[in-house]
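> sequence first, then the predicted structure, then my questions.
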Amino acid sequence: MADVALHKVSSNKAFEGELVKYKFKSAALGGLDANFNLFLPPNTTHGKVPVLVYLAGLTCTEDNGTQKGSFLGVASAQGIALLFPDTSPRGAGIEGEDVDWDFGTGAGFYLNATNPKYAKHYNMLTHITLELPQVIEAAGLPIDFKRQSIFGHSMGGHGALTLYLSSKTKQYRSASAFAPITNPTKCPWGEKAFNGYLQGGVEEAKAQYDATELISKSKEPVHILIDYGKCDNFYIQGQLLPENFLKAARESGYDEVQVRVRSHEGYDHSYYFISTFASDHVHFHANFLKA
């Protein structure tokens, strides 16, 4: 993976730093082209900086968080890089891949598929946790992957929490999420994804891809922040289930300092909600990334 050539697609100055879009041939995604955005704060002129990985939600790309999240200014002020991967492989050409908005393209669920139909291309877990750090380091970009944390929205919040909680190497120092799918083995989105991507379906997913299941078995120290809106239609429909996650965390002995789940009256599932609390999340991670 490390010998992959990175191609710079575009570059924009923002908040005295630089937002760059890169493209490369992804081995993890079966040889398909993969895009990602990387925001480099101005202090990279003095050496490597810590990085915060943002995972976007269903139907999104690597661009949603950069354009609408309101993360760049506060990250620049804190001296933290931001990495924005895509949400799925693109152009795999698998039958049925583009039939539904909540499965297939734009809906990779940050897992490694075990169903042979999807296993060649749908390996977003490997793409994000191993491949992107290797490719970025090999390119000589000024990122210190010994100091990384992760956050995300909706499906990406599911990804952030599960990649954080399931990491045997403690890859990420902290995790946060906006309106995450916290108990996906108990909601329609998760059931659909897991029954499609995984040979063992929902049962296989419980061990690695359900944040509520993972926190219920966790004994390690954690640093987690979750925000969701009470007027979020997907919360109301039972897709997010943050109360399940909070109950499991408290039953595992995690207090308000280690696992904080905040509900907000009037807010929905949109990037207006995310941008309102964006600064809180970057500052939360800065406590651990800069320690």
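Received it, and whenever you're ready, just let me know what you need.
> now the strands for the chain?
7-14, 17-26, 32-40, 49-55, 81-85, 143-153, 175-178, 224-229, 259-264 (DSSP state E).
> can you tell which of the ones you listed is closest to Thr105?
Proximity to Thr105 (Cβ to Cβ) singles out strand 32-40 among the strands of the chain, at 11.0 Å. All C-beta atoms are positioned from the backbone trio N, CA, C, and that covers glycine.
> tell me the angle of that closest one relative to strand 7-14?
Here strand 32-40 runs at an angle of 30 degrees relative to strand 7-14 (axes from the mean of the first three to the mean of the last three Cα atoms, to 10 degrees).
> coming back round to it: would CSV of the strands of the chain with mean pLDDT be doable?
Shown next, in CSV, are these (pLDDT from 0 to 100):
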stretch, mean pLDDT
strand 7-14, 98
strand 17-26, 98
strand 32-40, 98
strand 49-55, 98
strand 81-85, 98
strand 143-153, 98
strand 175-178, 98
strand 224-229, 98
strand 259-264, 98
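> Gln78 is in contact with Phe284, isn't it?
No - counting by Cβ atoms under 8 Å, Phe284 is not a contact partner of Gln78; they are 10.8 Å apart.
> below-threshold pLDDT in this protein: ranges please.
Counting by pLDDT under 70, the chain contains low-confidence residues at 1-3.
> tell me which residue of it is furthest from the middle?
Distance from the C-alpha centroid of the chain, by Cα atoms, centre = their mean, peaks at His46 (27.6 Å).
> so for stretch 87-102, what gets flagged as buried?
Neighbour-count burial for stretch 87-102 flags Thr87, Ser88, Pro89, Arg90, Ala92, Ile94, Glu97 (criterion: 16 or more other Cβ atoms under 10 Å).
> and what of stretch 69-87?
Using 16+ other Cβ under 10 Å as the test for burial, stretch 69-87 gives 69-72, 74-87.
> now, which of those residues lie within helices?
Among the buried residues of stretch 69-87, the residues falling in helices (DSSP state H) are Leu72, Val74, Ala75, Ser76, Ala77, Gln78.
> wait, which of the buried residues of stretch 87-102 is closest to Val261?
Thr87 (23.8 Å).
> tell me the contacts of that closest one?
Counting by Cβ atoms under 8 Å, 6 or more residues apart in numbering, Thr87 makes contact with 55-62, 106-108, 124, 155-156.
> ok so, going back, tell me which two in the buried residues of stretch 87-102 are the farthest apart.
So, these by Cβ to Cβ: farthest apart are Thr87 and Ile94, at 15.8 Å.
> mind giving me a markdown table with the buried residues of stretch 87-102 and columns for distance to Asn115?
As requested, the buried residues of stretch 87-102 are exported to a markdown table (distance: Cβ to Cβ, whole Å):
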| residue | distance to Asn115 |
| --- | --- |
| Thr87 | 19 |
| Ser88 | 15 |
| Pro89 | 14 |
| Arg90 | 19 |
| Ala92 | 13 |
| Ile94 | 10 |
| Glu97 | 12 |
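> what does the biggest helix by length in the chain rub up against?
In the chain, taking DSSP H as the definition, the longest helix is helix 271-289. The contact list for helix 271-289 (Cβ under 8 Å, 6+ apart) reads 50-52, 64, 68-71, 74-75, 78, 80, 147-149, 151, 153, 173-174, 176, 178-179, 223, 225, 227, 229, 232, 264, 267.
> could you export it as PDB, CA atoms only?
Extracted in PDB, the C-alpha atoms of helix 271-289 (Å, rounded to 0.1, in the frame of the first residue of the first chain):
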ATOM      1  CA  TYR A 271     -25.100  20.300   9.000                       C
ATOM      2  CA  TYR A 272     -26.700  23.300  10.600                       C
ATOM      3  CA  PHE A 273     -26.800  21.200  13.800                       C
ATOM      4  CA  ILE A 274     -23.200  19.900  13.200                       C
ATOM      5  CA  SER A 275     -21.800  23.400  12.500                       C
ATOM      6  CA  THR A 276     -23.400  24.600  15.800                       C
ATOM      7  CA  PHE A 277     -21.400  22.200  17.900                       C
ATOM      8  CA  ALA A 278     -18.400  21.800  15.600                       C
ATOM      9  CA  SER A 279     -16.100  23.900  17.800                       C
ATOM     10  CA  ASP A 280     -17.000  21.900  20.900                       C
ATOM     11  CA  HIS A 281     -15.900  18.700  19.200                       C
ATOM     12  CA  VAL A 282     -12.600  20.000  17.900                       C
ATOM     13  CA  HIS A 283     -11.800  21.500  21.300                       C
ATOM     14  CA  PHE A 284     -12.800  18.200  23.000                       C
ATOM     15  CA  HIS A 285     -10.300  16.300  20.800                       C
ATOM     16  CA  ALA A 286      -7.600  19.000  21.200                       C
ATOM     17  CA  ASN A 287      -7.500  18.100  24.900                       C
ATOM     18  CA  PHE A 288      -6.200  14.600  24.000                       C
ATOM     19  CA  LEU A 289      -4.300  15.300  20.800                       C
END
